[in-house]
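Chemist: What follows is a predicted protein model with its sequence.
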Amino acid sequence: QVQLIESGGGLVQAGGSLRLSCAASGGTFRTAVVGWFRQAPGKEREFVAVINYSGLNTDFAHSVNGRFMISRDNSKNTVTLQMNSLKPEDTAVYYCAATWGIYSTDSRRYNYWGQGTQVTVSS
């Protein structure tokens with residue numbers, strides 16, 4: 001069993017930056033594929049970024065590519081999402097999720113989820 005806790009959300013002006021962290025306890029997090037997803041009001045949850053167990057493979061949604069970065073520190077059981085040049089359309093609740101044995105951008109492939117952290121970008 002893995003517990004995931006997101007932190008770092010908040011209110012920021014357009015063009016600003018935020019750093020989200022996903023901290024894990026329990027389980028074998030260092031072998032997990034970790035994804036970030038987001039859900040805006042009235043919209044479906046969508047993929048943001050994914051990182052494989054080693055950190056050598058990453059992928060991003062087209063809408064955030066070039067602005068967001070994802071990294072992990074397996075010694076600390078954390079995954080970080082650095083968000084730069086934020087836009088109002090980035091406003092959403094951001095979730096981290098973990099899965100094993102598959103590298104995927106599909107939220108249905110993820111077994112464990114955090115509770116989410118709110119990101120609000122004002123114009």
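Modeler: Cool, the structure landed. Just so it is clear, the model here is predicted, and its values are computed rather than measured. Residues are numbered from 1 along each chain as shown.
Chemist: Surely S122 and G10 touch.
Modeler: No. Look at S122 against G10 with CB atoms under 8 Å: they stay out of range, at 11.0 Å. (Each C-beta comes from the backbone N, C-alpha and C, glycine too.)
Chemist: so what's the residue nearest the centre of the chain closest to, chain neighbours aside?
Modeler: Of all residues in the chain, the one closest to the mean position by CA atoms, centre = their mean is W36, 2.5 Å from it. The shortest distance from W36 to any non-neighbouring residue, by CB to CB, 6 or more residues apart in numbering, is to V48 (4.2 Å).
Chemist: and that neighbour, what pLDDT?
Modeler: Note on V48: pLDDT of 98.
Chemist: What separation is there between it and R109?
Modeler: If you measure V48 against R109 using CB to CB, to the nearest Å, the figure is 15 Å.
Chemist: just G27 next, same as before
Modeler: 16 Å.
Chemist: same thing with I51?
Modeler: For I51, the distance to R109 - CB to CB - is 14 Å.
Chemist: Of the two, which one has the most company?
Modeler: I51 (23 against 16; other CB atoms under 10 Å).
Chemist: and the gap between that one and S63?
Modeler: Counting by CB to CB - I51 and S63 are separated by 18 Å.
Chemist: Only the buried residues of stretch 39-55, if you could.
Modeler: Buried residues in stretch 39-55, counting neighbours by 16 or more other CB atoms under 10 Å, are found at 45, 47-51, 53.
Chemist: Could you do stretch 2-22 as well?
Modeler: 2, 4, 6, 8-9, 12, 18, 20-22.
Chemist: partners of the strand or helix carrying the residue nearest to W36 in the sheet?
Modeler: Taking DSSP states H and E as the criterion, V48 maps to strand 46-51. For strand 46-51, the paired strands and their directions (DSSP bridges) read strand 33-39 (antiparallel), strand 58-60 (antiparallel).
Chemist: Done for today, thanks.
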